[in-house]
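In: return a 3D structure for these sequence lines:
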Amino acid sequence: MSLEKTMDDEDTFKILIATDIHLGYLEKDAIRGNDTYDTLNEILECAKTNQADFILLGGDLFHENKPSRRCLHSCITMLRKYCMGDSPIHFNILSDQRVNFNTTQFPWVNYQDENLNISIPVFSVHGNHDDPTGAEGLCALDLLSASGLINHFGHSQSVESIEISPILMQKGNTKLALYGLGSIPDERLYRMFVNNKVTMLRPKEDQDKWFNLFTIHQNRSKHGPTNYIPEQFLDDFLDLVVWGHEHECLITPTRNEQQLFYVTQPGSSVATSLSPGEAAKKHIGLLKVKGHKMNMQKIPLKTVRQFFIQDVVLADYEDLFTPDTPQVTKKVEDLCYAKVTEMLEQAERERLGCPLTPEKPLIRLRVDYSGGFETFSTSRFSQKFVDRVANPKDIIHFLRRREQKEDIKDEVTVDYGKLLKTSAVEGLRVEDLVKQYFEAAEQKGQLSLLTEQGMGKAIQEFVDKDEKDAIQELITYQLEKTQRHLQARGVTTEQDIDAEVKRLRDSKKNTTEEDNEIREAMNRAKAHRLERGDDSVDAGISDEFADVNMDSDEGSVPFPAPTRGRGRGGRGRGGRGRGRGAAASEPKPAGRGRSQKSSATTQSRSIMQAFQAPSQRSSRAAATTSHTADEVTIDDSDEDIPVRKATRPPTKSTSSSSSFSKYSSQSQSQSFKGVEFDDSGDDDEDNPFKGPSHRSRR
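Out: Next up, the predicted model:
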């Protein structure tokens with residue numbers, strides 16, 4: 001039997017995979033305003049055309065944390081148009097859905113709701129742009145989930161430990177375990193993995209018969225010591241990891257040689273920044289799973305606006321001009337005009353025969369004018385292409401390499417050029433600017449009571465979420481706790497106070513205790529706002545900064561780039577006080593019981609004052625277990641595979657609970673295993689698309 005027929009029958013899952021749609025990005029722009037809506041419409045139409053069993057989204061469905069009414073209306077309209085209907089569903093949910101969908105009062109998959117007719121279910125985790133916020137911990141996906149249009153999963157309710165329970169699906173003889181984890185600040189999740197606080201549950205029965213699919217929305221590329229999640233942190237029983245958040249399209253599955261699973265990075269479906277990573281062609285994937293064999297069909301998106309980027313180093317054109325050449329600025333401008341014209345001609349050639357592709361492309365020319373050259377007027381230059389490009393205001397981007405200066409003795413050496421470099425600062429979050437400021441400041445300008453992370457989080461809440469009491473409450477909370485600590489230690493002299501306060505501050509840096517304190521202070525601020533009856537913060541729209549590695553217009557960032565969309569540590573993600581086994585309809589308190597208003601007279605207080613003894617916190621230890629052997633066969637082809645609609649009758653049975661065994665994620669001390677391939681005569685044994693490849697885990 002041919003490959004096409006074996007991968008398209010009643011035992012095959014057909015899953016349409018997409019990530020980072022960023023619906024609503026630049027929706028007010030006269031030229032690019034409809035780009036994200038056209039692309040989402042194409043993605044949903046593609047799922048319907050290929051008769052996908054379900055759609056899997058890897059986060060950032062929306063670009064803004066509070067989408068506009070137009071954005072929500074368009075999204076609901078398209079989901080209703082393509083995902084509702086009388087077509088039968090050919091797979092069952094076997095796991096406990098009250099655990100899988102624990103953020104809604106309707107804890108079951110939408111196609112099993114007797115009041116809805118769903119033909120294509122949508123499963124999605126949240127990203128850093130549309131993450132849960134507010135006292136209730138809700139996000140835009142929860143609105144769609146309550147309306148029955150999307151199944152929101154992968155929401156962790158604790159900041160200390162994570163337990164990931166899979167959605168167990170079965171179609172014919174194929175069993176699929178779908179794991180998901182929504183966006184979490186990278187530093188916090190990194191620390192959880194290192195401390196073995198991340199646990200993935202596995203079915204106790206027939207573990208080797210499940211195809212394990214994991215969806216994650218975190219930094220994959222390294223932006224700093226802990227500002228990313230290494231692939232080696234993920235469990236080795238996984239078969240395929242769908243990685244969201246990164247915008248470069250690397251949808252072809254690549255094998256991790258240590259953990260022996262495959263990783264696919266679909267990338268974004270819209271260019272949210274003019275950087276090289278966004279210039280790659282945009283694709284979505286049609287994943288077919290049968291038993292332990294998978295096939296990934298790459299589907300190019302036709303409605304995505306073309307984007308071309310090119311670098312020009314003026315020092316490389318010595319045969320045309322030098323900094324001392326007469327009218328050198330005019331000659332540089334002529335060179336740039338020729339380069340932009342070439343890119344426009346290339347865009348026109350590639351657009352022929354593609355009527356769905358927008359007419360005006362995105363063009364970016366990065367000009368390195370190091371070596372004594374001068375810049376010219378970019379606004380005057382842009383006027384020449386105002387009717388031909390979609391981004392006339394930022395076609396040209398000037399940059400210059402900064403020379404290293406010699407250190408001056410007896411002075412504090414601070415490279416302010418790194419802090420003020422345009423390409424890096426454009427994508428920084430508020431808390432990162434605070435951290436960089438205090439790292440560069442003199443010793444006498446350092447914080448003595450607050451931490452840089454706490455201050456940065458409070459300022460970020462104040463700026464992005466309009467939480468007016470955030471900074472004041474953080475100071476009040478930290479002052480009260482420090483005073484209680486000093487009283488408990490019996491510190492009385494001024495010198496001892498300074499030393500003890502510094503020791504206490506340093507001991508909390510980058511710990512769970514620091515995260516808890518920040519979260520408690522932010523919950524206090526929210527409680528005060530609710531007491532005053534001020535709900536304006538929920539009505540505002542906070543425009544998240546674009547992804548740092550995507551917004552940066554230079555190939556290298558001078559200092560560790562920050563995590564994209566961070567700042568959720570103070571939003572009370574785990575502060576709703578609700579256990580995993582609780583009923584979905586239980587009321588959820590807004591914080592941890594500290595809703596009483598604290599005094600606002602912070603300035604008049606003395607640190608010598610004392611209150612109560614500090615509270616002690618206990619952390620929950622993560623369970624560990626042994627690894628189990630598994631085998632996966634990978635097969636793929638880039639050719640279009642004809643699809644036959646399955647003729648199985650609709651099966652909308654009630655979910656049955658399944659028992660699980662805990663599988664703790666390993667830290668860096670894990671001993672990684674090797675890999676063996678049966679290349680079956682193929683020359684390229686590392687390519688999963690050349691034919692059936694067998695791999696064994698020892």
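In: what about the nearest residue to G85 once chain neighbours are set aside, how many neighbours?
Out: Closest residue to G85 apart from its sequence neighbours, by C-beta to C-beta, 6 or more residues apart in numbering: S119 at 3.6 Å. For the C-beta atoms, the positions are set from N, CA and C on the backbone; glycine is no exception. S119 has 17 neighbours, counted by other C-beta atoms under 10 Å.
In: okay, S119 and A52: tell me how far apart.
Out: 10 Å (C-beta to C-beta, to the nearest Å).
In: do I150 as well
Out: Relative to A52, and taking C-beta to C-beta, I150 is found at 15 Å.
In: nearest residue to K508 other than its sequence neighbours?
Out: Nearest non-adjacent residue to K508 (C-beta to C-beta, 6+ apart): E514, at 4.6 Å.
In: which strand or helix spans the one you found?
Out: Taking DSSP states H and E as the criterion, E514 maps to helix 512-532.
In: all helices for the stretch 151-300 of the chain, in order.
Out: 186-194 (DSSP state H, counting those that start in this stretch).
In: and for the stretch 401-550 of the chain?
Out: Here the stretch 401-550 of the chain has its helices, by DSSP H, counting those that start in this stretch, at 416-420, 422-425, 430-440, 452-464, 470-489, 494-508, 512-532, 536-539, 548-551.
In: tabulate those (a markdown table), appending distance to E42, mean neighbour count and mean pLDDT.
Out: Converted to a markdown table, these look like this (distance: least, C-beta to C-beta, whole Å; neighbours: other C-beta atoms under 10 Å; pLDDT from 0 to 100):
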| stretch | distance to E42 | mean neighbour count | mean pLDDT |
| --- | --- | --- | --- |
| helix 416-420 | 41 | 12 | 43 |
| helix 422-425 | 32 | 18 | 40 |
| helix 430-440 | 35 | 18 | 67 |
| helix 452-464 | 31 | 23 | 74 |
| helix 470-489 | 40 | 20 | 82 |
| helix 494-508 | 49 | 13 | 79 |
| helix 512-532 | 39 | 21 | 77 |
| helix 536-539 | 32 | 13 | 42 |
| helix 548-551 | 22 | 23 | 40 |
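In: need the distance between the two termini of stretch 292-305.
Out: When the termini of stretch 292-305 are compared using C-alpha to C-alpha, to the nearest Å, they are 37 Å apart.
In: rewinding a little: just checking, what packs against the helix holding E514?
Out: Judged by 3 or more C-beta pairs under 8 Å, 6 or more residues apart in numbering; DSSP states H and E, helix 512-532 is in contact with helix 452-464, helix 470-489.
In: reformat those helices into a markdown table and put distance to S158 next to each item.
Out: Shown next, in a markdown table, are those (distance: least, C-beta to C-beta, whole Å):
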| stretch | distance to S158 |
| --- | --- |
| helix 452-464 | 18 |
| helix 470-489 | 21 |
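In: nearest to F13, of the ones you listed?
Out: helix 452-464 (39.0 Å; C-beta to C-beta).
In: same for that closest one, what does it pack against?
Out: Helix 452-464 packs on helix 430-440, helix 470-489, helix 512-532, going by 3+ C-beta pairs under 8 Å, 6+ apart.
In: re earlier: out of the helices of the stretch 401-550 of the chain, flag the one nearest T264.
Out: The minimum distance between T264 and the helices of the stretch 401-550 of the chain falls on helix 548-551, with 18.6 Å, by C-beta to C-beta.
In: lowest-confidence helix or strand of this protein?
Out: Lowest on mean pLDDT, DSSP states H and E among the helices and strands of the chain sits strand 677-678, with a mean of 32.
In: domains for the protein, by residue range?
Out: Annotated domains of the chain cover 1-300, 307-399, 416-530 [the TED database].
In: about what we covered before: would you agree the residue nearest to G85 is in contact with H90?
Out: No - contact between S119 and H90 fails when scored by C-beta atoms under 8 Å: they sit 11.0 Å apart.
In: how about the secondary structure of I43?
Out: At I43 the chain is in helix, as set by DSSP: H, G, I helix; E, B strand; the rest coil.
In: was I right to think T36 contacts V270?
Out: Yes - in this structure T36 lies within contact range of V270 using C-beta under 8 Å: 5.2 Å.
In: of these two, who's got more company?
Out: Ranked by neighbour count (other C-beta under 10 Å), T36 and V270 place T36 first, with 28 against 25.
In: name the SS class of that one, please.
Out: T36 falls in the helix class when you classify it by three-state DSSP.
In: for it, what are its contacts?
Out: Listed by C-beta atoms under 8 Å, 6 or more residues apart in numbering, the contact partners of T36 are I21, H22, L23, G24, Y25, L26, E27, H63, S269, V270.
In: swap the cut-off to 7 Å and go again
Out: For T36, the contacting residues are I21, H22, L23, G24, Y25, V270, by C-beta atoms under 7 Å, 6 or more residues apart in numbering.
In: ok, so of these, who is nearest N115?
Out: So of the contacts of T36, ranked by how close each gets to N115 (C-beta to C-beta), first place is L23, at 25.8 Å.
In: the helices and strands packed on helix 512-532: which one's closest to K81?
Out: Nearest of those (C-beta to C-beta): helix 452-464, 33.1 Å.
In: now the phi/psi pair for the residue nearest to T357 when sequence neighbours are not counted, please.
Out: Once flanking residues are discounted, T357 sits nearest to R351: 5.1 Å by C-beta to C-beta, 6+ apart. Here is the backbone geometry of R351 (degrees, to the nearest 10): phi -80, psi -10.
In: likewise the one 4 residues further on?
Out: In this entry, P355 is assigned phi and psi values of phi -70, psi -20 (degrees, to the nearest 10).
In: quick one: Q478 and T451 touch, right?
Out: No - the criterion here is C-beta atoms under 7 Å, and Q478 misses it with T451 at 8.6 Å.
In: got the contact list for the nearest residue to V386 once chain neighbours are set aside?
Out: With C-beta to C-beta, 6+ apart as the criterion, V386 has its nearest non-adjacent residue at 4.4 Å, and that residue is P392. Listed by C-beta under 7 Å, 6+ apart, the contact partners of P392 are S382, F385, V386.
In: same thing with L189?
Out: With contact taken as C-beta under 7 Å, 6+ apart, L189 is in contact with Q218, I229.
In: gap between it and F233?
Out: For L189, the distance to F233 equals 9 Å [C-beta to C-beta].
In: repeat that for H155.
Out: Distance from H155 to F233, by C-beta to C-beta: 20 Å.
In: likewise for R489?
Out: In this view, R489 and F233 are 38 Å apart by C-beta to C-beta.
In: ok, now C336?
Out: Counting by C-beta to C-beta - C336 and F233 are separated by 44 Å.
In: kindly report the same for D86.
Out: Distance of D86 to F233, computed by C-beta to C-beta: 43 Å.
In: cool, and T493?
Out: Distance, T493 to F233, using C-beta to C-beta: 46 Å.
In: does N173 touch D11 like I think?
Out: Yes - using C-beta under 7 Å, N173 is in contact with D11, at 4.9 Å.
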